[in-house]
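In: have a look; sequence and predicted model below, questions after that.
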Amino acid sequence: MEQILVTTLSQSLIDALGAVAKLALILIPLMVVVEVMRHYGVFQLLTTILSYPLRRLGISGTATFSLIVGLIVGLTYGSGTLIQNRRNGQLSRKDVFVTSNVLAVCHSIIEDSLIFIAIGASLTWLVSAKLVVGVIVLLLASASYRYFSNSSEPDAKIQLENPKPEELP
Amino acid sequence: MSVQRAASSPLLAAQRGLLAGLRTTGELARVIIPVYVAVRLLSLTPLIDWLSGQVAPIMAFMGLPEEVAIALVVGQVSNMYTPVAIVAALGLSPEEITVVGLALGISHNLLVEAAVIGKMGGSAAASVLLRLSLALLGAIVLSRLLG
């Protein structure tokens, strides 16, 4: 028993360190790439491209930017830009409804997928499946918005009465 | 990885990315090493087998082995690193890891993230329901597709 315990302990420590090393090899270059992408305005470029089809669904360019930031960088960052723009009165209720639902099921796609790819998942299947789920929620949320909305003016811009800086958890 | 402030040079941007990557790796190591070792040690006891037996039917429906249930449950109330460590320690097939990755990708860290959704102006409760049901549905469909 003692022998098994010692073997398991030492072998799992070695394996765990191996897993961390594999993850570091993927995550560190990825984060460098994301920061450099951001520097060269790749998020703005993606927003410009995607805002054409999304506008047809009734989603503004401002919301599209938050959506892209959330999909690529993470929920906290996507919601941060969304909260900021909502405070400035640049977003409709529909923008907020659709963006929050899509980001709920689909965010930080690159990082969260890569950590599973590092331990053996298929890149193509994992990333495409997440994008499919995101697009389905996007279409469903924008189509079903008016059923969930109880506002008499569905496209009224949200104006907060007392704009205060909101903190993110 | 701050989004609000723009970098003044590509080199500074790369440096910030490097620091963010190192910080994440540090956080990761702190979680992954103990969880990984704990799962391997626990698999010497009947505990994991017993827990797995309780949820076997749901797991089978998702095309996953029973012991993955622990990773899926823990992932709902923790960050992504803990379930990743559990999945890595279990030694699953690439197809199974892909399905778990999708389920956890859709639904994880529900309490903290529901609060963020609420702050955004969305519905926290609806987001939890949406994520859990889509994770289940997504895993069922993807496991069929991957055979």
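Out: Perfect, thanks for sending it. In this text, all values refer to a predicted model and were calculated from it rather than measured experimentally.
In: okay, CA-based contacts and neighbour counts for the rest of this
Out: Will do.
In: so where's the chain shaky on pLDDT?
Out: This is for chain A. Applying pLDDT under 70 to chain A flags residues A:149-169.
In: actually chain B
Out: By pLDDT under 70, the weakly predicted segments of chain B are B:1-7.
In: you'd agree B:Ala135 is up against B:Leu104?
Out: Yes: assessed by CA atoms under 8 Å, B:Ala135 is found in contact with B:Leu104 at 7.1 Å.
In: more neighbours: those two, which one.
Out: Neighbours were tallied for B:Ala135 and for B:Leu104 using other CA atoms under 10 Å in any protein chain shown; the higher tally belongs to B:Leu104 (28 against 25).
In: and that one, how close does it get to B:Ala20?
Out: According to CA to CA, to the nearest Å, B:Leu104 and B:Ala20 sit 23 Å apart.
In: repeat that for B:Ala135.
Out: According to CA to CA, B:Ala135 stands 29 Å off from B:Ala20.
In: what about the lengthiest helix in chain B, near chain A?
Out: The longest helix of chain B (DSSP state H) is helix B:10-42. Yes: against chain A, helix B:10-42 shows contacts by CA under 8 Å from any CA of the partner chain at B:10, B:13-18, B:20-22, B:24-25, B:28-29, B:32-33, B:36-37, B:40-41.
In: among those, the buried ones, what's the ChimeraX command?
Out: The buried subset of these, as determined by 16 or more other CA atoms under 10 Å in any protein chain shown, is captured in ChimeraX by this line:
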select /B:13,14,15,16,17,18,20,21,22,24,25,28,29,32,33,36,37,40,41
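In: wait, what's in contact with residue 74?
Out: Picked chain A for this. A:107-109 (CA atoms under 8 Å, 6 or more residues apart in numbering or on different chains).
In: sorry, I should have been clearer: chain B.
Out: By CA under 8 Å, 6+ apart, the residues touching B:Val74 are B:82-83.
In: how close does it get to A:Ile115?
Out: From B:Val74 over to A:Ile115 the distance is 17 Å, taken as CA to CA.
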